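Enquirer: okay, here's the prediction I keep looking at, along with the sequence it came from:
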Amino acid sequence: MQKIMEVKHLKKYFPMKGKKVLKAVDNITIDIYKGEVLSLVGESGSGKTTMGRTVSRLYNKTAGDVIFEGESIDSYSVKEFSRNVQMIFQDPQASLNPRMTVGDIIAEGIDIHKLCKTKQERTDKICELLETVGLNKEHANRFPHEFSGGQRQRIGIARALAVDPKMIVCDEPISALDVSIQAQVVNLLKDLQQQKGLTLLFIAHDLSMVKYISDRVAVMYRGKIVELGTSDEVYDNPVHSYTKSLISAVPIADPLNDRAASIDADESYLRSPIGNVSEIKIVPTEPELTEYKPNHYVETEFLRSQNLL
């Protein structure tokens, strides 16, 4: 499979008082392949959104490198890079300009990149995008506040698709929506991904939804990826204690099921995300992840502590 993005020893640290730093993303190395759906899962504050924003250049990286289609992302202009990598945000209300009509919001990328030569071509493109995401062309003249949450998220998806990107970072696009609407939005993303051959980096909390949409799953905890593998392998045979505790916390719709017995209480993986400024330049000599089984990678440090290496 062809790699579309390679993340190498990526770090994103935020300054704190004195010489302390918050290690939001701490030495992540991962490859993203063309046309796949890679999901990032983890609890709130584990660094998923920071990772997504850093690889899409909304945040500047502290150290490490991100290679997109064979070239470092620093070698692209912001305009050129945003044409290839787009983002769908968590809160559709906050990410849409309330003073602009939906047509203008969707066409903003088209205008910046000069993708349409005439006004009629621009209008046709807006109508086509609205219909692609399940809205009507009449919606183009309305404002964001006139829509429901699910419809607003569809507008956000249409805006991301407007410039025909190769990769989309989906930052928890369903967490602010009702359960019934979540399924519609996920099915829409899955259909679009298959039709257009998009690469999706899907950030989510909901593990059952992630299993449904993903080809591979990366589990994040305190800025590090602790387990990586195909969605079936990670769900059916989790190795890391943190992955087990995440999966055991998913509610089961069966009143006879004994929840207390199923939650994994092993907390040997706990660690602080706070470090020192001097750690920025440190590049570990051994890989963070080790192949435990074919195509199933687990944190090296954890495997060593459990005598599994």
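Expert: Great, that's in hand. Quantities reported herein were computed from a predicted structural model and do not represent experimental measurements. Numbering: from 1, shown residues only.

Enquirer: part of a strand, is residue 110?
Expert: No - Residue 110 is assigned helix when assessed by DSSP: H, G, I helix; E, B strand; the rest coil, not a strand.

Enquirer: which residues touch it?
Expert: 116, 122, 125-126, 162-163 (C-beta atoms under 8 Å, 6 or more residues apart in numbering). Yep, even glycine has a C-beta here, placed from its N, CA and C like the rest.

Enquirer: test my guess that residue 64 contacts residue 7.
Expert: Yes - when contacts are counted by C-beta atoms under 8 Å, residue 64 is listed as touching residue 7 (7.4 Å).

Enquirer: find residues that contact each of the two.
Expert: Overlap of the contact sets of residue 64 and residue 7 (by C-beta under 8 Å, 6+ apart) consists of residue 28.

Enquirer: run a quick neighbour tally on residue 137.
Expert: Close neighbours of residue 137, defined as other C-beta atoms under 10 Å, add up to 15.

Enquirer: can you name the element that comes right after the helix or strand of the chain with the lowest mean pLDDT?
Expert: When the helices and strands of the chain are scored by mean pLDDT, DSSP states H and E, helix 259-262 comes last with a mean of 54. As assigned by DSSP states H and E, the chain's next helix or strand after helix 259-262 is strand 274-276.

Enquirer: other SSEs contacting that next one?
Expert: Where contact means 3 or more C-beta pairs under 8 Å, 6 or more residues apart in numbering; DSSP states H and E, strand 274-276 is packed against strand 20-33.

Enquirer: and the next helix or strand past the strand it packs on?
Expert: Counting by DSSP H and E, the next helix or strand C-terminal to strand 20-33 is strand 37-41.

Enquirer: okay, the angle between that next one and strand 20-33?
Expert: Using axes from the mean of the first three to the mean of the last three C-alpha atoms, to 10 degrees, the inter-axis angle of strand 37-41 relative to strand 20-33 is 160 degrees.

Enquirer: so how far is residue 275 from residue 19?
Expert: Look at residue 19 and residue 275: by C-beta to C-beta, to the nearest Å, they are 10 Å apart.

Enquirer: quick one on the thing from earlier: which of the contacts of residue 110 fall in helices?
Expert: 122, 125-126 (DSSP state H).

Enquirer: if we can go back for a sec, which of residue 19 and residue 275 has more neighbours?
Expert: Using other C-beta under 10 Å as the criterion, residue 19 and residue 275 rank with residue 275 on top: 18 against 10.

Enquirer: which non-adjacent residue is nearest the more buried one?
Expert: Leaving aside its chain neighbours, residue 275 sits nearest to residue 23 (5.1 Å; criterion: C-beta to C-beta, 6 or more residues apart in numbering).
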